[in-house]
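>>> fold the following.
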Amino acid sequence: MDKLKSVLSGEESRRDDRSVLQSVNEASTLGWGTRIKGFIACFVVGGACTVLGVCMLFLPRIGLTLFIVFYTFGNICALCSTMFLMGPLKQLKRMCDKTRALATAIMITCLVLTLCAAFWWKNFGLALLFCILQILSFSWYSLSYIPCAREMIMKGVSICIK
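Residues are numbered from 1 along each chain as shown. Sure, this is the predicted structure:
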């Protein structure tokens, strides 16, 4: 019945004029409650993976590998959790803003290099170095969402150096 009403009222022809991106965006919009639930679920999974990765670090032989996998997956989940709040397209646009494009590139590079060092190159010292760089780059990226946070930290560092 709704289809018949839309055809008779002329809405069907207006629907054909929409772009594909608008159609996808309209089909994938979530209510605010669903967004919050998705954010919390994804963030909790990311946090649990990170904690689980730290616990796995103490297992003999495979502990470091499991730490790297769980820690990296936890960071990816935490990053994706914010996509529920803003939407994936807006999140990707914000990640590529001029204020955080470098931080985003370094963060994603560190995520990929951590996994490469662990599985492809089999160099666990390098993998741990990239995990540390993951922590630093993810922190720097997160600070870009807080107004003036980076500037305050840089001023604090310059005061400490003097």
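>>> all helices of this structure, in order?
2-9, 11-16, 20-27, 32-56, 63-86, 88-95, 101-115, 124-143, 149-161 (DSSP state H).
>>> just name the most buried of those.
Of all the helices of the chain, helix 63-86 carries the top mean neighbour count, a mean of 19, counting by mean count of other Cβ atoms under 10 Å. (C-beta placed from N, C-alpha, C; glycine too.)
>>> contacts for that helix, please.
30, 35-36, 38-43, 45-54, 56-57, 59, 91, 94, 107, 111, 114-115, 118-119, 124, 127-128, 131, 134, 138 (Cβ atoms under 8 Å, 6 or more residues apart in numbering).
>>> mean pLDDT added to the helices of the chain, as a markdown table?
Converted to a markdown table, the helices of the chain look like this (pLDDT from 0 to 100):
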| stretch | mean pLDDT |
| --- | --- |
| helix 2-9 | 54 |
| helix 11-16 | 53 |
| helix 20-27 | 58 |
| helix 32-56 | 93 |
| helix 63-86 | 91 |
| helix 88-95 | 89 |
| helix 101-115 | 93 |
| helix 124-143 | 91 |
| helix 149-161 | 77 |
